[in-house]
Each structure stands twice: as C-alpha cells, then as structure tokens.
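**Q** Compute the structure for the input listed below.
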Amino acid sequence: MRKIKITVMRKARYDDLIEKYENPIEHACDLAEGDEFICSGFEKPDGFCESAWTSVYPFVMTLACGGEDIYDGWMKNKRSAMISCNDGFRPVSFLIEVCE
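**A** Sure thing, here's the model as predicted:
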C-alpha cells in the first residue's frame, strides 16, 4: 500500500453564511495552511479533523491502493487529488498525493 501525503492548501471562511445560518461555535478547525499529514490510507492521521477525514478518505484509499487519474484527467499529477472538507461555512482544501 502506498503512503499518502495530505497537505492543507487553503482555508476559506464565509462570514455572511455563518452569520445567517450557523449557531455560534467556539472552535471549528485546528488545521492551518501548510500542515502536512502522512498516512497509509486506513487510519486517520493524528491531529487530522474527523469531519475532513470523512470527506477525503475515499480519495486517500483510492490512491493508497494504486488508483490513479481520478476523474479522468482532472489533475495534472495523476497520482493526486484536490479535495475539500464538507464544512460549508469554513471549507478547507487538501492536496492528496502519493509519496514518491
């Protein structure tokens, strides 16, 4: 099984949506742009958001098990994917790539 690197590429925040729809919460995300995590595919890396793991896990497993070219030519690097977490108020974008 291939090792996979997950890099936090970008964090967004939609204050207008938060103000209009979200109940106040104190702490939404501990991840920072540039954070990197290495995993084998099966287990969520230490310190990685549980909700984000649910979003990226199928892509991590596909690449870890040898899959390539997810969505037929979508990525320049066939052994990678760019996936966002499912937080519609503060989405985080992750670059998922096979460790060479």
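**Q** Tell me the buried residues in stretch 33-45?
**A** Buried residues in stretch 33-45, counting neighbours by 16 or more other Cβ atoms under 10 Å, are found at 35, 37, 39, 44, 45. In this view, the C-beta of every residue, glycine as well, is placed from N, C-alpha and C.
**Q** Can you give the contact residues for it?
**A** 1-11, 47-48, 50, 53, 57, 60-61, 63-65, 99 (Cβ atoms under 8 Å, 6 or more residues apart in numbering).
**Q** could you give the mean pLDDT of that stretch?
**A** When pLDDT is averaged over stretch 33-45, the result is 93.
**Q** How about stretch 82-97?
**A** The average pLDDT within stretch 82-97 is 96.
**Q** Dump the C-alpha coordinates for it into CSV.
**A** Extracted C-alpha coordinates of stretch 82-97, given in CSV (Å, rounded to 0.1, in the frame of the first residue of the first chain):
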residue,chain,number,x,y,z
MET,A,82,-7.6,18.2,-4.6
ILE,A,83,-10.5,17.7,-2.1
SER,A,84,-12.3,20.0,0.3
CYS,A,85,-13.9,19.1,3.6
ASN,A,86,-17.6,19.2,3.9
ASP,A,87,-17.8,22.4,6.1
GLY,A,88,-19.9,24.8,4.0
PHE,A,89,-19.0,27.7,6.3
ARG,A,90,-15.2,27.2,6.6
PRO,A,91,-14.1,24.8,3.8
VAL,A,92,-10.6,23.5,3.8
SER,A,93,-8.9,22.4,0.6
PHE,A,94,-6.5,19.4,0.8
LEU,A,95,-3.9,18.2,-1.8
ILE,A,96,-3.8,14.5,-1.5
GLU,A,97,-0.8,12.9,-3.2
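**Q** Thank you, goodbye.
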